[in-house]
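Peer 1: Sequence first, predicted coordinates after that:
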Amino acid sequence: MIIMPPSAQERLARIEQVLAPQRQELLDHPVYQRIGDADALKVFMQYHVFAVWDFMSLLKALQLKLTCTTVPWLPTENNLGRRLVNEIVLGEESDEDGEGGFRSHFELYQNSMQQIGADGYFIDRFLQRLENGRDVTAALYEADLPRPIVQFVTNTFDLIASDNLCAIASGFTYGREDLLPGVFQKIVAQVNQELSGSASKFVYYLDRHIELDGDSHGPMAHRLLSHLCGDDDHKWQAAEDAAVRSLEARLLLWNGMYDALAY
């Protein structure tokens with residue numbers, strides 16, 4: 001059980017109160033009503049796969065700051081932060097794949113795209129440019145991606161580039177771990193109702209995220225954020241600002257997917 005002091009609980013509760021309207025707007029977004037058939041789900045996944053990919057970059061930014069990832073190894077000072085982030089990395093980068101092996105959640109998502117025949121053109125073009133040594137900004141524009149994808153990923157990497165550990169942890173917590181179980185439950189319900197088993201790998205991916213984020217990674221992320229911010233008002237304000245920006249970016253991505261599904 002992860003227990004936080006009352007002061008931290010009050011700080012987190014304030015952020016959640018500020019985010020409540022945005023969070024509800026995302027949970028009630030009309031995009032979920034448009035992914036009721038295979039063709040619409042394919043379009044959704046072409047966009048959403050970028051949020052799955054850059055989630056790992058947020059997580060790795062935290063790992064780089066809180067643990068030692070160089071040789072020779074040296075112990076880092078933040079013992080609790082080191083423990084929490086490494087435990088989250090374990091589940092996100094090498095989770096059970098449902099077939100007796102282990103994969104990252106990004107790879108699970110790619111497999112689910114392949115199962116339903118979703119075109120991986122956007123994400124493949126982007127990753128190819130990264131593999132060829134281009135930075136994220138150049139890769140985004142050279143891959144000729146839809147504007148909502150560019151905006152979303154740019155916001156994530158602006159947050160990482162801020163080098164503000166509390167802001168990064170907050171974007172990770174409130175833009176991803178805290179939000180995703182509720183969002184994914186909406187999607188699972190719609191997919192199960194309309195596609196009846198033809199997207200089983202996607203449902204497995206969603207169920208794994210709901211289970212991990214709701215039961216363990218979400219509480220760990222909240223504990224990490226409260227630990228990093230402590231009693232510093234400036235750190236908590238940076239965390240709140242980052243959380244708001246992260247949900248704004250998610251809403252722009254959702255709006256872009258909704259518009260794409262209108263055609």
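Peer 2: Thanks, I have the structure now. Quick caveat, the model's predicted, so the values are computed rather than measured. Numbering: from 1, shown residues only.
Peer 1: where exactly do the helices run in the stretch 101-250 of the chain?
Peer 2: For the stretch 101-250 of the chain, the helices defined by DSSP state H, counting those that start in this stretch occupy 105-116, 121-131, 136-142, 147-161, 165-172, 180-195, 200-212, 218-229, 233-260.
Peer 1: Any buried residues in the last one, and which?
Peer 2: So the one you mean is helix 233-260. 235-236, 238-247, 249-251, 253-254, 256-258, 260 (16 or more other CB atoms under 10 Å). The C-beta positions use only the backbone N, C-alpha and C, and glycine is treated the same way.
Peer 1: and if you look at stretch 77-96?
Peer 2: Neighbour counts over stretch 77-96 (16+ other CB under 10 Å) mark 78, 81, 82, 84, 85, 88, 89, 91, 92, 93, 95 as buried.
Peer 1: Likewise for stretch 204-217?
Peer 2: Buried residues in stretch 204-217, counting neighbours by 16+ other CB under 10 Å, are found at 204, 205, 206, 208, 209, 210, 212, 213, 214, 217.
Peer 1: Need the worst-confidence member of these.
Peer 2: Ranked by pLDDT, the buried residues of stretch 204-217 bottom out at residue 214 (58).
Peer 1: Local confidence estimate at residue 52?
Peer 2: Confidence score, pLDDT, at residue 52: 92.
Peer 1: Now for it, how many residues are close by?
Peer 2: 21 (other CB atoms under 10 Å).
Peer 1: what's the distance between it and residue 15?
Peer 2: As for residue 52, its distance to residue 15 is 24 Å (criterion: CB to CB, to the nearest Å).
Peer 1: before we move on, back to that, quick one: closest of the helices of the stretch 101-250 of the chain to residue 30.
Peer 2: Of all those, it is helix 233-260 that lies closest to residue 30, at 6.2 Å by CB to CB.
Peer 1: got the angle for that closest one vs helix 147-161?
Peer 2: Inter-element angle recorded for helix 233-260 and helix 147-161: 160 degrees (by axes from the mean of the first three to the mean of the last three CA atoms, to 10 degrees).
Peer 1: how far out from the middle of the chain is helix 233-260?
Peer 2: Relative to its parent chain, helix 233-260 has a centroid offset of 12 Å by CA atoms, centre = their mean, to the nearest Å.
Peer 1: okay, among the buried residues of stretch 204-217, which ones form the most distant pair?
Peer 2: 204 and 217 (16.9 Å).
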